[in-house]
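[1] With the input below, show me the fold.
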Amino acid sequence: MGMNARQQAIQAIASTYHQLDNLDFRTEHIKDLFGVNVFHEEEQKARLPKPVFKALQKTIKLGVPLDPTVADAVASAMKDWAIEHGATHYTHLFQPMTGLTAEKHDSFLNPTGTGAAIAEFSGKELVKGEPDASSFPSGGIRATFEARGYTGWDPTSPAYIRETPNGATLVIPTVFVSWTGEALDKKTPLLRSMEALSTQALRILRLFGNTEAKKVYTTVGPEQEYFLIDKNFVYSRPDLLNAGRTVFGAKPPKGQELEDQYFGTIPERVIACMADAEAEMFKLGIPVKTRHNEVAPSQYEIAPIFEDSNLATDHNQLTMDVLRRTAEKYDLVCLMHEKPFAGINGSGKHNNWSMSTDTGENLLNPGDTPHDNAQFLVYCVAVIRAVAKYPELLRVSVASAGNDHRLGANEAPPAIISIFLGDQLQDVMDQLERSDLKSTKQGGFMEVGVSVLPKLPKDAGDRNRTSPFAFTGNKFEFRAVGSSFSISGPNVVLNTIVAESLDFIATKLEGDTKGGKPLAKAIQDLLPGILKESKKVVFNGDGYSEEWHKEAEKRGLPNLKNTVDAIPTLIRKDTIDLFGKYKVLSERELNARYTIFCESYVKTVNIEANLMLSMGKTMILPAAVRYQGQVATAVNAAKAAGVDASAQVDHLKELTAALTTFQKALAALEKAHGHHADGTPYDHAKHFRDHVLPKMADLRTAADSLETMVADDLWPLPTYQEMLFIK
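    As a prediction, this is how the structure comes out:
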């Protein structure tokens, strides 16, 4: 009795016992769990007639169209397998432009009309669905009253079983398109971009004499950062509950400065939650490998092994879903926002990207022979050229209102897109630019052959935590991706811009070799010029430094500091030409995404502004006024008793001044928020950035100042100190 919600939350946490030993890996080993709920290749081979299995594998691995009779056989086997696993329904899972996943469940049950029922699932139902789903963002591509939305089976991402307390569901990964075939989702452009890159990458391989590879996949291993906060705190904070981040909160006495959280001992409740989530991921075939404490208090990370981009994207969406669901079992809430707490590390999703053949060769892996090194350098230079030519596209691919709070501080890379190569690879590239390749740095080896290219150790790079795009041995790490993002968008951009770069290089080399020039000579003549044009984007230093920002400006590198600055890149002519050329996104699809980006930004900031106004008026202001009354009463009592009250009077004046500042800031935000811009969605986005966000910042400063002054027993919101350190 007499406790506020914050105090009740602390008491609830202190008095709750959590059952943590829910798993026993001694009786069921993880190797026996892996993939048990996935209709994977081995399961398909065991259940499908041999001709059907071979036809399906050709579709999955080579993109051969699927025959309807094959689809019927696959559907029948898939249904039987799912029912054996307890499934009663199936769903076509798709990825709308919200960045989340969506699903509508249909029962296998089909009444016969004689009072009985049978379980049916046809090839037609497997291959195509009609969820309508008209309320998802479409950017004008489809009007609610006139257009259908269709899901189409993606056989390259295997179906799986999702277990729930009362039954299970067969989940079929799908694309989501309009009735005119335009992409309404994030999966369709990703598949198109992967195909575009494969086509161009194979041209390079053929020049090097590789006739075995039939396809090149882009591979991704996305590291997922997240926070785990006790649900009692989250339920006591409307901002965390509705926006996923704290719009108010004073800096705690202790943050991450002691570096005692990073790689530290994982708390028992947290590691129990992690193990439970991982067990579920193993069943779903997600190859999670690493878990650890991250830098900020109550921040953690999970990382998988590399997979092809499409499957990695699906698995990352599943990973976020499993983490959220599992956290609830342990009275925790998993926060995926890029910056849930100001002043400490935000959460990213490091997108480790590479290219591999269907025969298992990593094309960004430095080789052991001059031939391999020449091939590696061609692909590596292609990536450098792509990033140098299209940095704005990479920037807009990681743009969001949430990521704007994260980029540029606390180990998150800056908004300026640059490449980190590391000393050794940088030295090789410098020699290559000078057409003078003779040696490798750092005790490396020299092997001068026909191609005059040096032998490179496999770890030819290091990490730079301030670089948005770093070479890390056999891959590039795109660190600017936000933790809540679908990795589809960033990988669509990466795949497409690298496809264009490979196309450029392949065309030049094909022309030269057809003219009689040896391949090694053609490479040595071509790459130096590309490096001279592209080296402006290479930077191996501190991306946070003011010197780099000045240097980047001199180099002509774009510095799109916020989402609103970046959005117009989507509808520039060169963007439309690029995505149109490789059939990844049409002009109409790009314009739709431009509109959706604007609307998403406006909606996000609008929700946060509403939260600040509501919490400010109903929680912070009443607490501050109540405390002001208590101090005023104490001052009057002291004066009446004839006691010197000068110190209390000074405190009352300071408190009153802070309260006045807060009330003025509250009124200013309300006024700015109430005056909406006219015009296009982009005009609205600019209004929220230029007029609403600054007032939100002012109000937060005023509120956080009050938090440090108001009596602790009166402050209504769980504090940073409590949320981050009470586990």
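[2] show me what contacts residue 275?
    Contacts here follow CB atoms under 8 Å, 6 or more residues apart in numbering; on that basis residue 275 touches 23, 25. For the C-beta atoms, the positions are set from N, CA and C on the backbone; glycine is no exception.
[3] So it belongs to a strand, correct?
    No. If the criterion is DSSP: H, G, I helix; E, B strand; the rest coil, then residue 275 is helix and not within a strand.
[4] start at 16 instead
    Shifting the count to begin at 16 puts that one at residue 290.
[5] tell me the pLDDT at it?
    You'll see residue 290 listed with a pLDDT of 94.
[6] Please name the residues that touch residue 714.
    Applying CB under 8 Å, 6+ apart, the residues contacting residue 714 are 627, 631, 677, 680, 681, 683, 684.
[7] continuing past the helix or strand containing it, what's the next helix or strand?
    Using DSSP states H and E, residue 714 falls within helix 708-722. Under the assignment DSSP H and E, the closest C-terminal helix or strand after helix 708-722 is helix 735-740.
[8] Check which helices and strands that next one is in contact with.
    strand 231-245 (3 or more CB pairs under 8 Å, 6 or more residues apart in numbering; DSSP states H and E).
[9] Parallel or antiparallel, list what pairs with the strand it packs on.
    strand 314-319 (antiparallel), strand 322-323 (antiparallel), strand 347-350 (antiparallel), strand 364-372 (antiparallel) (DSSP bridges).
[10] Which stretches in the stretch 116-265 of the chain count as helices?
    138-142, 202-222, 246-250, 253-258 (DSSP state H, counting those that start in this stretch).
[11] Just put these in a markdown table and tack on mean neighbour count.
    Converted to a markdown table, the helices of the stretch 116-265 of the chain look like this (neighbours: other CB atoms under 10 Å):
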| stretch | mean neighbour count |
| --- | --- |
| helix 138-142 | 19 |
| helix 202-222 | 22 |
| helix 246-250 | 21 |
| helix 253-258 | 19 |
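[12] Quick check: which of those is nearest to residue 622?
    helix 253-258 (5.7 Å; CB to CB).
[13] can you give me the mean pLDDT across the closest one?
    Rounded mean pLDDT across helix 253-258 is 96.
[14] Flag the shaky bits of this structure, pLDDT-wise.
    Across the chain, the ranges flagged by pLDDT under 70 are 16-17, 126-135, 145-149, 152, 157-163, 384-386, 423-427, 451-480.
[15] ok, back up a step: dump the strands paired with strand 231-245 into JSON lines; add distance to residue 502 and mean neighbour count as well.
    Converted to JSON lines, the strands paired with strand 231-245 look like this (distance: least, CB to CB, whole Å; neighbours: other CB atoms under 10 Å):
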{"stretch": "strand 314-319", "distance to residue 502": "11", "mean neighbour count": "22"}
{"stretch": "strand 322-323", "distance to residue 502": "11", "mean neighbour count": "18"}
{"stretch": "strand 347-350", "distance to residue 502": "18", "mean neighbour count": "23"}
{"stretch": "strand 364-372", "distance to residue 502": "6", "mean neighbour count": "24"}
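[16] Most neighbours among the contacts of residue 714, which one?
    Greatest neighbour count in the contacts of residue 714, by other CB atoms under 10 Å, goes to residue 627: 27 neighbours.
[17] any idea how far residue 348 is from the nearest residue to that residue once chain neighbours are set aside?
    Setting aside the residues directly before and after it, residue 627 is nearest to residue 262 in space (CB to CB, 6 or more residues apart in numbering), at 5.0 Å. Between residue 262 and residue 348 the computed distance is 17 Å (CB to CB, to the nearest Å).
[18] In the stretch 416-565 of the chain, what residue spans correspond to strands?
    Secondary structure of the stretch 416-565 of the chain (DSSP state E, counting those that start in this stretch): strands located at 434-435, 484-486, 491-493.
[19] Please compute how far the shortest one lies from its chain's middle.
    Read it as strand 434-435. Taking the mean of its C-alpha atoms, strand 434-435 sits 20 Å from the chain's own mean (CA atoms, centre = their mean, to the nearest Å).
[20] tell me what it is packed against?
    helix 385-404, strand 484-486.
[21] on that earlier part again, how about the CA coordinates for the helix holding residue 714, as PDB?
    Written as PDB, here are the backbone C-alpha positions of helix 708-722 (Å, rounded to 0.1, in the frame of the first residue of the first chain):
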ATOM      1  CA  LEU A 708      12.300  16.200 -32.800                       C
ATOM      2  CA  PRO A 709      14.100  19.300 -31.500                       C
ATOM      3  CA  LYS A 710      11.200  20.000 -29.100                       C
ATOM      4  CA  MET A 711      11.300  16.400 -28.000                       C
ATOM      5  CA  ALA A 712      15.000  16.700 -27.200                       C
ATOM      6  CA  ASP A 713      14.300  19.900 -25.200                       C
ATOM      7  CA  LEU A 714      11.500  18.200 -23.200                       C
ATOM      8  CA  ARG A 715      13.700  15.200 -22.500                       C
ATOM      9  CA  THR A 716      16.500  17.400 -21.100                       C
ATOM     10  CA  ALA A 717      14.000  19.200 -18.800                       C
ATOM     11  CA  ALA A 718      12.400  15.900 -17.600                       C
ATOM     12  CA  ASP A 719      15.800  14.200 -17.000                       C
ATOM     13  CA  SER A 720      16.800  17.300 -14.900                       C
ATOM     14  CA  LEU A 721      13.700  16.900 -12.800                       C
ATOM     15  CA  GLU A 722      14.400  13.200 -12.300                       C
END
